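**Student:** predicted model and sequence follow; I will ask about them next.
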Amino acid sequence: MGDMKRTRTTAVTIGDAARALDHIAPPALAQSWDNVGLLAGDRTARCRRVLLCIDLAPAVLEEAVRLRCELVMAYHPPLFQPIRRILADSHGTDSILHRAIAAGIAIYSPHTALDAAPGGTNDVLAGLCELTDLGPFEYVTTPSDHSKVVTFVPPAQLEAVAQAMFQAGAGRIGDYEQCSFRLNGTGTFFGTESTNPRVGRKGRLEEVEEIRLEMVAPNSLLPEVVAALRRSHPYEEPAFDIYPLTSEPVQGIGRVGQLPAGCTLGSLARRLRKATGSKVVTLVGDAGTVIKRAAVCVGAAGRLPLERPRSADCDVIVTGEIRHHDALTLLRRGVCAIALGHWESERPALEPLGRRIREMLPGIETILSQADVPPFRPAPA
């Protein structure tokens with residue numbers, strides 16, 4: 001699917017749908033403790049209908065079977081901890097997995113990857129808050145597909161080594177080629193009796209003028225780059241280092257931004273209650289408090305935003321649920337909070353997610369689960 005713009009008319013597979021979801025919410029953005037991606041299913045099987053839900057409860061699976069869906073996109077992963085058995089009569093989530101597999105239904109979960117991704121759960125909630133000047137309050141670092149290769153070469157052989165590494169695929173940054181950094185220095189070595197140094201003599205400490213040569217290289221070409229380095233280097237045993245790189249941090253967990261002028265805790269809570277349909281909205285702080293800067297985090301943020309430098313100055317935390325003692329900490333610090341309900345804070349992201357899936361995979365049908373409901377209900381009056 002390359003750039004993820006699907007133009008062919010062949011049948012969509014579970015693998016196609018999983019790749020589209022991976023593109024929307026890259027698994028590399030997920031928290032290290034999370035379990036995201038395609039959790040069960042046959043990538044080659046046909047996929048015509050996707051059921052979107054927050055929690056894959058038994059009623060949701062029955063709905064998926066009734067609607068003849070081939071894939072359930074469950075925001076919360078029903079497979080979280082390692083399991084030893086998959087039994088139909090279990091009281092755990094493995095029984096749901098057993099029933100899904102028996103019905104030929106695949107399961108995909110994006111969870112914290114969707115929280116961090118552009119247009120994901122936190123962006124949707126930030127949009128409901130009408131935040132501006134928006135950014136993550138904690139950036140996620142993801143592994144790069146490049147590494148930095150560093151070696152040390154006498155000046156006379158520097159260009160030969162550099163050109164050999166360039167030709168092997170190193171030194172490319174964007175549309176620029178033959179990119180490197182060079183720094184003068186002094187190298188030392190003592191060759192033992194078993195060595196045959198090409199510079200200096202064995203049996204004594206040698207000092208050699210060297211230039212530190214470094215350049216990036218695709219991880220897929222590292223064997224070729226190292227082989228070219230060894231082949232062109234004048235030393236019997238050249239020294240070199242390979243440093244794994246991380247991608248530029250541009251995405252991350254949570255959002256922090258500016259609220260509209262004159263916003264109060266009560267007015268924001270009313271707006272969010274109407275937008276989400278939540279019946280369990282609670283406040284930490286006085287409803288009349290004027291608030292200017294908000295930290296948004298679906299699910300259970302607790303006091304996490306206050307522990308991050310980009311959101312430590314926020315007036316209010318908007319989240320799903322807050323523990324009692326975290327609420328007391330917020331009050332002591334003079335910070336307000338709005339708890340929408342865990343499920344209620346996440347559910348608004350499903351409709352735009354379904355729209356994005358349909359845009360990427362024309363012909364596929366996405367359905368918002370009606371059986372997917374919050375586990376907590378307000379008590380009768």
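**Tutor:** Perfect, thanks for sending it. Just so you know, these numbers come straight off a predicted model, no measurement behind them.
**Student:** can you show me the helices along the protein?
**Tutor:** Along the chain, the stretches classed as helices by DSSP state H are 14-24, 58-66, 94-102, 111-116, 121-128, 158-167, 222-232, 265-276, 324-332, 342-346, 350-360.
**Student:** a markdown table for the ones you listed, including distance to residue 83?
**Tutor:** No exception for glycine: its C-beta is placed from N, CA and C like everyone else's. A markdown table is the format used below for the helices of the chain (distance: least, C-beta to C-beta, whole Å):
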| stretch | distance to residue 83 |
| --- | --- |
| helix 14-24 | 21 |
| helix 58-66 | 17 |
| helix 94-102 | 5 |
| helix 111-116 | 17 |
| helix 121-128 | 26 |
| helix 158-167 | 47 |
| helix 222-232 | 36 |
| helix 265-276 | 33 |
| helix 324-332 | 31 |
| helix 342-346 | 23 |
| helix 350-360 | 26 |
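**Student:** which of those helices has the lowest average pLDDT?
**Tutor:** For the helices of the chain, the weakest mean pLDDT is recorded on helix 94-102, namely a mean of 91.
**Student:** show me the one of the helices of the chain that comes nearest residue 371.
**Tutor:** Across those, the minimum distance to residue 371, taken as C-beta to C-beta, is reached by helix 58-66, at 4.1 Å.
**Student:** correct me, but residue 134 touches residue 254?
**Tutor:** No. Using C-beta atoms under 8 Å, residue 134 is not in contact with residue 254, being 10.6 Å away.
**Student:** neighbour-wise, which of the two wins?
**Tutor:** Neighbours were tallied for residue 134 and for residue 254 using other C-beta atoms under 10 Å; the higher tally belongs to residue 254 (26 against 15).
**Student:** tell me the contacts of the more buried one?
**Tutor:** For residue 254, the contact set (C-beta atoms under 8 Å, 6 or more residues apart in numbering) comprises 115, 122, 136-138, 295-297, 301, 304-305, 308, 311.
**Student:** output the helices of the chain as CSV; include the columns mean neighbour count and distance to residue 316.
**Tutor:** Compiled in CSV, the helices of the chain are given as follows (neighbours: other C-beta atoms under 10 Å; distance: least, C-beta to C-beta, whole Å):
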stretch, mean neighbour count, distance to residue 316
helix 14-24, 21, 29
helix 58-66, 18, 33
helix 94-102, 18, 37
helix 111-116, 26, 19
helix 121-128, 24, 12
helix 158-167, 18, 53
helix 222-232, 17, 48
helix 265-276, 18, 6
helix 324-332, 14, 9
helix 342-346, 25, 14
helix 350-360, 17, 24
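**Student:** ok, which of those comes nearest residue 372?
**Tutor:** Closest approach to residue 372 among the helices of the chain is made by helix 58-66 (5.2 Å; C-beta to C-beta).
**Student:** picking that back up, of the helices of the chain, which is nearest residue 42?
**Tutor:** With C-beta to C-beta as the criterion, residue 42 lies closest to helix 14-24 of the helices of the chain, at 6.0 Å.
**Student:** and the angle for the closest one with helix 350-360?
**Tutor:** When axes from the mean of the first three to the mean of the last three C-alpha atoms, to 10 degrees is applied, the directions of helix 14-24 and helix 350-360 differ by 120 degrees.
**Student:** who are the packing partners of helix 14-24?
**Tutor:** Other elements packing on helix 14-24 under the criterion 3 or more C-beta pairs under 8 Å, 6 or more residues apart in numbering; DSSP states H and E are strand 37-40, strand 71-74, strand 106-109, helix 350-360.
**Student:** can you list the domain ranges for this protein.
**Tutor:** Residue ranges for the domains of the chain, per automatic domain parsing: 14-111+348-368, 121-140+252-340, 143-246.
**Student:** could I get those as TSV with distance to residue 375?
**Tutor:** Output for the domains of the chain, formatted as TSV (distance: least, C-beta to C-beta, whole Å):
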stretch	distance to residue 375
domain 14-111+348-368	8
domain 121-140+252-340	11
domain 143-246	36
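**Student:** out of those domains, flag the one nearest residue 377.
**Tutor:** Judged by C-beta to C-beta, the one of those that comes nearest to residue 377 is domain 121-140+252-340, at 7.9 Å.
**Student:** which regions of the stretch 1-150 of the chain sit below the pLDDT cut-off?
**Tutor:** Within the stretch 1-150 of the chain, the segments meeting pLDDT under 70 span 1-9.
**Student:** the same query, at a cut-off of 90, please.
**Tutor:** Along the stretch 1-150 of the chain, the model assigns pLDDT under 90 to residues 1-10, 79-96, 141-143.
**Student:** what's the answer for the stretch 251-381 of the chain, then?
**Tutor:** For the stretch 251-381 of the chain, the ranges with pLDDT under 90 are 302-304, 363, 376-381.
**Student:** dump the residue contacts of residue 184.
**Tutor:** 209-212 are the contacts of residue 184 under C-beta under 8 Å, 6+ apart.
**Student:** hmm, I typed the wrong one, I wanted residue 281.
**Tutor:** When contacts are counted by C-beta under 8 Å, 6+ apart, residue 281 touches 269, 272-273, 338-341, 344.
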